Structure formats: C-alpha cells, structure tokens
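Colleague: model the following, please.
(2 chains)
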Amino acid sequence: MLLGPSGGGKTTLLRHLKRELTPVGTCSGRIRYRGRPLAELTPERAAGEIGMVFQNPDAQIVMDTVWHELAFGLENLGYPPQVMRSRLAEIAALFGLEPLLYQPVHQLSGGQKQLLNLASVLLLQPKVLLLDEPTSQLDPVAAREFIQTVYRLSEEMSMTVIISEHRLEEVLPLADRVWLLQDGALSVQGTPREFARDAYAAGAVSGVRAYLPAAARLFFALSPPQIAAGHPEIPLTVREGKRWLLGTAGPDRRFGSTDEPAMHEGPVQALHGRSTGGQPTGGDMLLQCREVTFRYERDTPDVLRKLSLSLHQGEWLAVMGGNGAGKSTLLHILGGLEQPQRGKLTYAKGVKAGYLAQNPLLYFSHDTAAEELQHMAQVAGLGPEEAARGIAGLAEAFQLGGVLEQHPLDLSGGQQQKLALAMVLLLRPAVLLLDEPTKGLDPGAKERFAQLLQGLLQQGVSMITVTHDVEFAARYATRCALMFDGSITAEGTPAEFFGGNYFYTTAVNRMARELLPEALSLEDVIEAWPSTATRC
Amino acid sequence: MSGFGAMHPAVALLYYAGLLLFALLQLHPLFLLTEIFGIVLLTVLQGQVRLLRGVLWFLPVALSVALLNPLFSHRGTHILFYVWDRQITLEAVLYGLVTMTMLLTVFVLFISYNYNITADKFMHLFAGAAPKTALLTWMAIRFVPLFQRRLREITRIQRVRGIDTGQGGLRKRMKDGMILLKVLVSWSLEEALQTADSMKARGYGVHKRSSYGGYRMDRLDKLVLLWLAACACIPLAGWLAGHGVPEIYPRLKPMEWGWEEGWMYAGLCLFVLTPPALEGKEKWLWRSSRRKTYPSATLKPGRTRCMNSPSR
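Modeller: Down below sits the predicted model:
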C-alpha cells in the first residue's frame, strides 16, 4: 500500500512500474520485473502481466457496452474468439457481471464502472496489479466492495497488488507492507503495525500521524508513551481497537455498565450539551423547503418525495445517504438549477445560494484563473475596485495567489476545487451548497479544506454539504441529516445522529460506543477519558 | 429480441440488401407492393407499429414525386390532357406512381432495417475485416450520448455565470454556445488523455486487433441464409433474362404475365415472407403456451412471457 499526500509521487511511482505509461523526463536507476529490466519485456507481456486501474471510473472506459469493454484488452492482444469467450465467461461470473453484460456503460453506477475496469484488466491475467487511488471517486459502500474484491484476488490468486489509497481504515489492515511517500521519497515503511509505530514516532509535526487509522490513533492517544512504544499489538481495525479499549478500560474504569440506563447520561452528555431533539441549532431561517417532489422525466420514478428541510443562519448541515438517494438532486433544487414539480422552496429575503458541483471543470471557460474570477465578479455585478478587492481576498484565503495566471486546467485537483469555490463565493451567497467537497482529497488537504470552510462559516456563510464522508460530517457539521428513499429520514446534531446509528457512524464511535455512546471523534474520547490515562 | 431480430446480423443484412436490390431493379408494382406488405407484416409482428408512423412524414415527399413527374416529364404517347399547354401522358403518370411506390418501399425497408440491424450489429459484421475502423466508429458512437450528457451538465452550471443560450440576442447566444462547447471540449480532452492511458495500459496497438464477435452463426442461421440466397436467385435470374420489368417509357406496353413472371413472383414471395414467417412462428409459439393453465395462482401467464423471453 502506498500512502502519502497528493503530489507526493505516488502516481509517478506507479506509472514507472507500468511500462506503457512511464512519464517523460529524466529517469535514473533501474526497475526489474522478475529479475529482468522492465524495458526488456515483450510488449504483450508488459501489457498483459502488469495491469493498472486508474482513479476516474469514467475516463478509463473505451467502449459503449459492458461486454465490449471487457473484450477490448483481449482484442488488442489479438486473442482468438474462443479464448476470449471462455475468459470473459470466467471473469463475468467471478464479478457477477452477467446481468450487466449487454448494458450501455453509462447506465452503471460509479462502483460498477470501477469493478468493470478491474475486470477488464484481470481478463489479461496480470501477475501484478497496480491501483492508483481506485476508490477515490466512489462512495464508501462501493469502495468497500472494490477493496474486498481486490483483497480476495490477492488472497485467492496470490496476485501482487500495489495500491495507492486514502482510505486507510479499510485498506491498511489488509496490506502486507505500507509505504509512505512524501515529496518523492520513501519516508516510512514496514508492515502495517511497524508503520503505525514508526509513523507515531515521527511526531505530530511531520503530519505523518494523519495516516494512522482511527484505532491506532485512539490507542496512542490513550496509552502512556512508554507502554505504547513497547506494545506488540497496535490495534488497526475497529474490532482490535474496541477489544483493546474495553480491555484497558476494565471493570473499574467503565463509565456505568451497559445494562444500566445511566449509560446514556454518561459524561458525554456534558460534552455535547443537552439533546436538541433534532431542532436546528442556528439563528434565523435562511431557506426552507416543504414537501418538495421532483422527478427528471415524466415516466421516471420520483427522485425526491415530499422532502422537507430547513437551514438556519450559521449552520453547517451535512446531508448523507446512499448512492442514488437523491442527494445531488436535492442540491440542484436548492440551488435553483432544477424546478420541483410539487412543494415549495422559499429563501429568506435577499438570501442567495451558491452551488459547487463535484466536478470543478464545469466552471472553467477562460484562459487563466484570474480571468475566471474577473468574469465571475462581472456577473456578480461588482465594481472594478470591489472586484479587485474581493478577488485578492479570496486568492489570499484560498492560497491561489501563485497560480492566478495559470490555465485552470493546469491546476491540481485541489486547486481547481478551490478556484471553483472562490468563483462561487464572488456571487456573495449566504448559503453555500457543496456536493461531495472532500472526494479524492488526501487527509491533509481535507483538513485544510475543512478549515477553509469553517472560516467561511464564521464569516456568516451557512452551508449544506452533501457527503459520504462520515468522519468529515461528524467533525465539522453542526447538524446531520440522512436521506433515504427521496426524503429526509433522520436529522439531528452529530452526536445524536451518529450515536443512534449502527453502521453509519465514525470508526471512533464504533469502537467506543459501549463506553461513550455519543463520542464521535478522538477528541471526544480523550476529553471524557479519566485523566490518568489522558495523553495528547 | 426473438425470431428474426435475434438471428445473426448477416442473415438480416442479406435480407435487406436483397430487398433493396429488388426494389431498385424491378419496378413492377405488384412486386413492390409485395415487398411493402412483407416488411410491414414483419414490423407489426415484431410489435413495432409505432415505427411505421414515420411513413406519414415521408408520404408528402413520395406523393409529390407522383404528382410532379407527369408535370415535368412529357415522354410517352398516350396523352391524357393538357395543363398550361403541356401534355400529361399516361406513361408519366404511371411512372410517377411506380417511383412513389418504390420510394415508399425503400423508406419502409430502412425503418425495419434500423430496428433489426442496430449500428452495433452492423459493426460486428465488419469488425473482422477492418478492426481499427470499427474501433474508431465504436468510440465515436459512445461519444455522442456522452457529450450530450456532459453538455447538459455544463449548461446547468454555466447558467449561473450568465452563460445561457436560451437568453439574449442572437450574437450573445452564439457566443455563449461557443463558450459551452469550449468547456465541453476542454473537459473531454482532459478525460481523453486518461482514456488513452487506459487503452495503452491494456495493450492497444501492440498487436493486430482481433474481434470478439458477439454473434455466432448457428444451424438455423445458416439454413435461413442459404434459403434466402436461393430464393433471391430466382427473381434475379429472371431479371437478368429481361423479365418482370414493365415497360413504361418510351411507350406503355401491356404487362406480360407469363410463367417466368410467375416463377419470379413466387421466388420473391418466398424471399420476402421468410422473416415474417420466422417472427410469426415465434409469436405463435408463445401465444400457444400462454393458453396453458398454470397450477400456481401467483405465476400469471402474462408475466412468464416477458420473463422467459431472452432479453438483450
């Protein structure tokens, strides 16, 4: 497993291992494959034995239907139809793709597309599988399925897998070896447990600790340093973390036992204040939608069904839910991009909403980032001075000063997202609608982006975020809502919301819920933990 | 699809190519009407009556041919009457009508062709011969709906920036349209780079491409192919010998109907009606099974039909 910040060289390394995609530039050193230099492989073997799956599920697909896409690689290598048929049959059965075989590719979900990409690489029977952040565009359920499939392949076919990933919780415990790449160099490596130990030892300043799974972080935060260093079994998964936590807490340290109702009145209540019963926490009502019903076409089913929702001043509302629950559609409606067929959407007087889509490329139409911002300022009706001030302020806050003269498409993904956000903010929206703002960001970038959003919140911009990222929502949102079957089914402060959920909750909560049912983050647990064990 | 639609594309291609040939070569009204009847029957049996509605749009064109031909062509010897001092001849009127029927035949033929031979099937037939061209075409086919979807998304977002082709003067609309296209192109090029990577990673260009070919020719396909070819030979041979083509210009001759024409017509009928027969047999097969009573009350006969029919 390859870890590290974006721009740390993970993709470059993986591309060096895949001969066809070796980046242009000066290269020194040697890469050997089975004892022979990679460059000496025949083209057929190089293409077949080293397979690679990329980040973007859509862009990798070449053909229009599923079976055709599967056959593509085999056709390239000139296999006879008989061989293709038997291999296709095998893989389609393994991946359960039979019902999808004749479907057009665009009807698949992101997770299905990525599994299709994996399957079409596996048809060439690779010995080494390179995966470049394959789940960064997927929702947690699809991502878990993908990772489990890859794990099964490596277990059952003893296939070598090199994966670069930001989803530590799922992947790290499965890996045999973990490498951390920073600034193009290998900074920490070893088995997952060695990695956890060394990463912790590297100290808080290096930022390496962000790459520890929640269980390990909890372990290090709660145990004294001398014990932590010598402990042979650093917990990595929720199960190990929970076992360790319950073992350490012991009978004497338990905050009320599980069969007492007093558990719910534990120290956490003091932490989060009294329950607000799902009532909005902010000030004036900014927007309200009442029983909104929406469908895209006459004959399609309703996407939103009598959905009611409100947002108050100073709130950060996180809307969660499965794929296809209608979360993005909800934002479209709130942003005025679509009109609901029934129901009412009202904004408070003078309140505008700004919508930031998942794909920042949709926003760019000029040659430099500065021009984009200026054009947007014009649309917003700002005077030249005001515009210049606004743009300078945003560029400063978003650290875009250095790249203003670059073409928007030359920026990195994170910068593109910030630029698009800056453009939306020039319209001076009082409500910001963000669609999956943390998708594909590494832990460090996510943290920085969250700080940015919190800054905006303090400046009085209220937010609705649609996200799959449970940890993110638990940490930053002031209110959470769950969308299911076209309407909001549960709503509440993060503590209530996640405390009541069984699966849809943070890793820390899943570990600590028997002791501290409403503790969502590491900080919550540390705060509630008896001071003898506390150590930050 | 079942029946004729599920057969190997080569069979369907032979059928439509033969029909087109007959429609263009043998301008015999009876032959043409038989062809129309055959295709319409096939379309109806396939349950695609709505496709035939397209004929209504085409009818004015075909009718105008029938009307205009006598006005512009004055060949022939049987003068019916005069319009603006121009003679209207019986030959021109008849020729116009036959041309109209021929055009209608070709039109109906293409409606049915489009339904039965999708672009996908057509490509399969030729992927083996020209794999690279086939690949390019396939990628292009995928891009059309892909670009449409992307453009819709871009339009939605850019409207917020005041870029909207639905508002403002013509100049602004055109300019905005160009901006939208520019966004589409830059986005698509960006993705195309990744597509190219993915193609290279899977060995594109390493080897001469082979073709998977999703359709296998089974025994029935071969039989029908042979049968159609044999049937087609009869009218074709007749035509080569100069039979079955009514002589209209320069002078209308009474239509002959000898045994040669009889044979030709029989051959044509067999050719034209084979696919409807195959389709009809399939229909009949399911119809008769629908009458069977099912012991289980929940298993409604009407539902089993669609559950059992192999769907593509």
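Colleague: quick check, the residue in the stretch 101-250 of chain A closest to chain B?
Modeller: Closest to chain B within the stretch 101-250 of chain A is A:Y102: 5.3 Å, counting by C-beta to the nearest C-beta. For the C-beta atoms, the positions are set from N, CA and C on the backbone; glycine is no exception.
Colleague: so where does that residue fall, helix or strand?
Modeller: Counting by DSSP states H and E, there is no helix or strand that carries A:Y102.
Colleague: tell me, how many residues neighbour it?
Modeller: 14 (other C-beta atoms under 10 Å in any protein chain shown).
Colleague: is it true that it touches A:L70?
Modeller: No. The criterion here is C-beta atoms under 8 Å, and A:Y102 misses it with A:L70 at 11.5 Å.
Colleague: tell me the contacts of the closest residue to B:I163 other than its chain neighbours?
Modeller: Nearest residue to B:I163 in three dimensions, chain neighbours excluded: B:D176, at 4.7 Å (C-beta to C-beta, 6 or more residues apart in numbering or on different chains). By C-beta atoms under 8 Å, 6 or more residues apart in numbering or on different chains, the residues touching B:D176 are B:Q158, B:I163, B:D164, B:T165, B:G168.
Colleague: among those residues, which one has the most neighbours?
Modeller: Result: B:I163 is most packed of these (other C-beta under 10 Å), 23 neighbours.
Colleague: verify the stated contact: that residue with B:L180.
Modeller: Yes. Taking C-beta under 8 Å as the definition, B:I163 is a contact partner of B:L180 at 6.6 Å.
Colleague: so which bits of the helix or strand B:A277 falls within are buried?
Modeller: In this structure, B:A277 sits in helix B:259-291 according to DSSP H and E. By 16 or more other C-beta atoms under 10 Å in any protein chain shown, the buried positions in helix B:259-291 come out as B:260-261, B:263-265, B:267-280, B:282-283.
Colleague: which of the residues you listed come close to chain A?
Modeller: Filtering the buried residues of helix B:259-291 for proximity to chain A by C-beta under 8 Å from any C-beta of the partner chain leaves nothing.
Colleague: and the pLDDT for A:V171?
Modeller: Predicted confidence (pLDDT) for A:V171: 90.
Colleague: please name the nearest non-neighbouring residue to the residue of chain A found nearest chain B.
Modeller: The nearest approach of chain A to chain B comes at A:A47, 3.0 Å away (C-beta to the nearest C-beta). Excluding its sequence neighbours, the residue lying closest to A:A47 (C-beta to C-beta, 6+ apart) is B:G203, at 3.0 Å.
Colleague: cool, A:P443 as well?
Modeller: Distances taken as C-beta to C-beta, 6+ apart place A:A210 nearest to A:P443, at 4.1 Å, with adjacent residues excluded.
Colleague: show me the contacts for the residue nearest to A:A47.
Modeller: The contact partners of B:G203, by C-beta under 8 Å, 6+ apart, come to A:E20, A:P43, A:E44, A:A47, A:G48, A:G73, A:N76, A:L77, A:L124.
Colleague: just checking, the second one touches B:R202?
Modeller: By that I understand A:P43. No. The pair A:P43 / B:R202 is not scored as a contact, 11.9 Å apart, by C-beta under 8 Å.
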